[in-house]
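Q: Sequence and predicted structure are below.
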Number of protein chains: 2
Amino acid sequence: MASDNIEKVIIIGSGPAGWTAAIYAARANLDPLIFAGRPKSQPTTILPGGQLMMTTEVENYPGFPDGVTGPKLMSYFEQQAARFNTRIVTDNGLHPDVSNPDDGHSYSYHDCQRVDLSVKPFVVIGEDDKEYRAHTVIIATGATANWIGLENEKRLAASGGGVSACAVCDGALPVFRDKELAVVGGGDSAVEEATYLTKFASKVYLIHRRDQLRASKIMAQRAMDNPKMEIVWNKVVVDVLGDDMISGIKLKDTVTGEESTQTVGGLFMAIGHTPATEFLQGQLDLDDKKYIKLDDSYRSTTSVDGVFAAGDVVDSVYRQAITAAGMGCKAALDAERWLADKGIE
Amino acid sequence: MASDNIEKVIIIGSGPAGWTAAIYAARANLDPLIFAGRPKSQPTTILPGGQLMMTTEVENYPGFPDGVTGPKLMSYFEQQAARFNTRIVTDNGLHPDVSNPDDGHSYSYHDCQRVDLSVKPFVVIGEDDKEYRAHTVIIATGATANWIGLENEKRLAASGGGVSACAVCDGALPVFRDKELAVVGGGDSAVEEATYLTKFASKVYLIHRRDQLRASKIMAQRAMDNPKMEIVWNKVVVDVLGDDMISGIKLKDTVTGEESTQTVGGLFMAIGHTPATEFLQGQLDLDDKKYIKLDDSYRSTTSVDGVFAAGDVVDSVYRQAITAAGMGCKAALDAERWLADKGIE
């Protein structure tokens, strides 16, 4: 902590970007404080760690040739941040030495309730209404994939049962090879994900609630020209079938109301993402999709001097653990240089 | 391989960016071909892997709470790329299944001799003069830190003996804590690295060959104001002392020619980096320091449509394994989308 109880850096968020920012900030002796938060999509208390906590097998995070589970990977990130004395805000005070989160905690991590970025030092309010002040803030709150909201959808997504919101992450898994798969959505990224999946699947159904795609013409044409893709018009998914593994989906026609069943070996959501920026409204520049706008897209600087952003909260393009982690590193190094520029020890 | 023996993607380089591009390209079924190359600074054949092959302990690559050696980390990256059938160009043909590089190879990886990016498909010539053609090329050839060129400097750098070219990577290692350290250089980044090291060191000598710094005024002033920093003017390092661990440096005065010895517990080079772009001269846009210019700094696109770049070869700012890996992922996903846009299967 800097003098006068002003933190050098507060990090908000604990996915790959947040923990990487913590690792780098801690190693730069910035003594970071982190709000590890709780995924908004999960009102029950679960371990922090962002979207990867919903992911079973991660095969594409470089460094793990045999793959690693999402929660395991995030616990490695956390242990590494803790090893260099990152302080984590919890309902039991600050914990600098969470050396083995696998053992479970008797306390909960705290979310950040709100921030005031219009004053310097910045003000960050924790969920217990305690006020923290900081010279720099790194925002790494991520984005959550939009889900339909069905109980079986969530259950199978959480257990690796063939339901996913990321074709690039999961499409190449053996379980989806040569299967018939369904993608829900109708925008450019839905077509992109469905096209991606045709590399592995025997067939891909693109399930869309309307009678035309929202995707750009060229993308829509690509979908229609793809011999492995079939667009299923005017349908919504009303249930996901299967116990341990998805076996099919129940569809409802949005025009006639008629219900039908489609056998599939995998279901991919592509109905957008929601960046966790609600608490930032009016505080710094967001784009029209509510992602934080970077001031310099190569760096992590935002419209507010001293506030840096990293990970999916700025990224509607790549959304990978490794890209988020890279941005977390940039944010910490940018904050470190900002503090050095200002002569703040 | 695509039809007509045209590769979908050729990757040049095998540091964190190159292997990550391979992992993502392979998982996207692009069947990548990689020139793993050999560091230019090492005329003798060593394992590929980029700058990390010169690094003993890596403490800041997220996912390894207890640290990992540079060569080990790169072998994990390689195994992961190989697991998804990345084909590596060697003097013994293409090897898609290098499952355990630790066992050593009886063959050598090949470097890429030259490229022709003015024709489509692009032409890549291997070191055996064999010609490869590709729809897309990902360049991840990295940059090498500049060294003085002393025998003992290289020896101690390679063995973790307290000589390094990256303060951010190595400065926080216990071995440098509360020691007197020396930084060689006089530019902005030398002052930045020396300032960074004052967080850990008891004192930092900034060794500069001239009587004023090349650094900007504000940076030079910061160096002179820092009570832990002492600028040593008009001196060059002519030898590094110590057997397993550096014990001191021998200096020579550039004006009087007088020699002296300074006891130090660590030596950091900050005399610039040289991106490996010589083979690209005139083929795509480079900046004034010879780094590849990105067309869109958030992405990996370059001035040549279909050519993507990632890692230290574009990055004079952050130069970390994790940032390079993030860029490698972007390059592979950009190449994948480029091929999908063109309808190339």
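A: Received, thanks. Residues are numbered from 1 along each chain as shown, chains lettered A, B, ... in the order given.
Q: Tell me where the stretch 151-300 of chain A has strands.
A: With strands called from DSSP state E, counting those that start in this stretch, the stretch 151-300 of chain A shows them at A:163-164, A:180-184, A:203-207, A:229-232, A:235-241, A:248-253, A:259-263, A:266-269, A:273-275.
Q: Pipe these into JSON lines and attach distance to chain B and mean neighbour count per row.
A: Quick note: C-beta positions are derived from backbone N, CA and C, even for glycine. Conversion of those to JSON lines gives the following (distance: least, C-beta to the nearest C-beta, whole Å; neighbours: other C-beta atoms under 10 Å in any protein chain shown):
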{"stretch": "strand A:163-164", "distance to chain B": "14", "mean neighbour count": "27"}
{"stretch": "strand A:180-184", "distance to chain B": "15", "mean neighbour count": "27"}
{"stretch": "strand A:203-207", "distance to chain B": "14", "mean neighbour count": "24"}
{"stretch": "strand A:229-232", "distance to chain B": "12", "mean neighbour count": "19"}
{"stretch": "strand A:235-241", "distance to chain B": "25", "mean neighbour count": "18"}
{"stretch": "strand A:248-253", "distance to chain B": "25", "mean neighbour count": "19"}
{"stretch": "strand A:259-263", "distance to chain B": "24", "mean neighbour count": "13"}
{"stretch": "strand A:266-269", "distance to chain B": "15", "mean neighbour count": "28"}
{"stretch": "strand A:273-275", "distance to chain B": "16", "mean neighbour count": "20"}
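Q: could those strands go into CSV alongside mean pLDDT?
A: Conversion of the strands of the stretch 151-300 of chain A to CSV gives the following (pLDDT from 0 to 100):
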stretch, mean pLDDT
strand A:163-164, 94
strand A:180-184, 98
strand A:203-207, 97
strand A:229-232, 96
strand A:235-241, 98
strand A:248-253, 98
strand A:259-263, 98
strand A:266-269, 97
strand A:273-275, 92
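Q: didn't A:Thr301 look like it was pressed against A:Leu294?
A: Yes. Between A:Thr301 and A:Leu294 there is a contact at 6.6 Å, judged by C-beta atoms under 8 Å.
Q: list residues touching both of these two?
A: Common neighbours of A:Thr301 and A:Leu294 are not found (criterion: C-beta atoms under 8 Å, 6 or more residues apart in numbering or on different chains).
Q: Would you mind measuring the gap between the ends of stretch A:236-245?
A: 20 Å (C-alpha to C-alpha, to the nearest Å).
Q: Now do it: everything it contacts.
A: For stretch A:236-245, the external contacting residues (C-beta under 8 Å, 6+ apart) are A:148, A:150, A:152-153, A:156, A:159, A:161-163, A:175, A:182, A:184, A:207, A:209, A:246-252, A:254, A:259, A:261, A:265, A:267.
Q: try stretch A:334-345
A: Residues outside stretch A:334-345 that contact it (C-beta under 8 Å, 6+ apart): A:2, A:8-9, A:21, A:24-25, A:28, A:30, A:135-136, A:138, A:299-301, A:306, A:308, B:192, B:195-196, B:218, B:222.
Q: need the longest strand for chain A.
A: strand A:131-139 (DSSP state E).
Q: ok so, going back, helices - which of the contacts of stretch A:334-345 land there?
A: Counting by DSSP state H, the contacts of stretch A:334-345 place A:21, A:24-25, B:192, B:195-196, B:218, B:222 in helices.
Q: Out of those residues, flag the one nearest to B:Met327.
A: Checking the ones in helices among the contacts of stretch A:334-345 against B:Met327 with C-beta to C-beta, the nearest one is A:Tyr24 at 16.5 Å.
Q: Now do the same contact list for the closest one.
A: Taking C-beta under 8 Å, 6+ apart, we find A:Tyr24 in contact with A:328-329, A:332-333, A:336, B:60, B:168.
Q: Could you find the two of these that are most distant from each other?
A: Pairwise distances across these (C-beta to C-beta) peak at 14.1 Å, for the pair A:Gly328 and B:Val168.
Q: The stretch 51-200 of chain A against chain B: which residues are in contact?
A: Applying C-beta under 8 Å from any C-beta of the partner chain, one finds that the stretch 51-200 of chain A approaches chain B through A:59-66, A:68, A:73, A:76-77, A:79-80, A:83-84, A:168, A:172, A:192, A:195-196, A:199-200.
Q: Show me which of those are buried.
A: Using 16 or more other C-beta atoms under 10 Å in any protein chain shown as the burial test, those include A:59-65, A:68, A:73, A:76-77, A:79-80, A:83-84, A:168, A:172, A:192, A:195-196, A:199-200 as buried.
Q: Over to the residue of the stretch 201-345 of chain A found nearest chain B: give its phi and psi.
A: With C-beta to the nearest C-beta as the measure, A:Gly326 is the residue of the stretch 201-345 of chain A nearest to chain B, at 2.4 Å. The phi/psi pair for A:Gly326 (degrees, to the nearest 10) reads phi -60, psi -40.
Q: dump the residue contacts of A:Ala332.
A: A:9, A:20-25, A:28, A:30, A:32, A:138.
Q: could you redo the last one with a cut-off of 6 Å?
A: Neighbouring residues of A:Ala332 by C-beta atoms under 6 Å, 6 or more residues apart in numbering or on different chains: A:21, A:24-25.
Q: from the residues you listed, which single one is nearest chain B?
A: Within the contacts of A:Ala332, proximity to chain B (C-beta to the nearest C-beta) peaks at A:Tyr24, which comes in at 6.2 Å.
Q: Output the below-cut-off pLDDT ranges for the stretch 51-200 of chain A.
A: A:54, A:95-107 (pLDDT under 70).
Q: Of the strands of the stretch 151-300 of chain A, give the one that comes closest to A:Cys112.
A: strand A:273-275 (15.0 Å).
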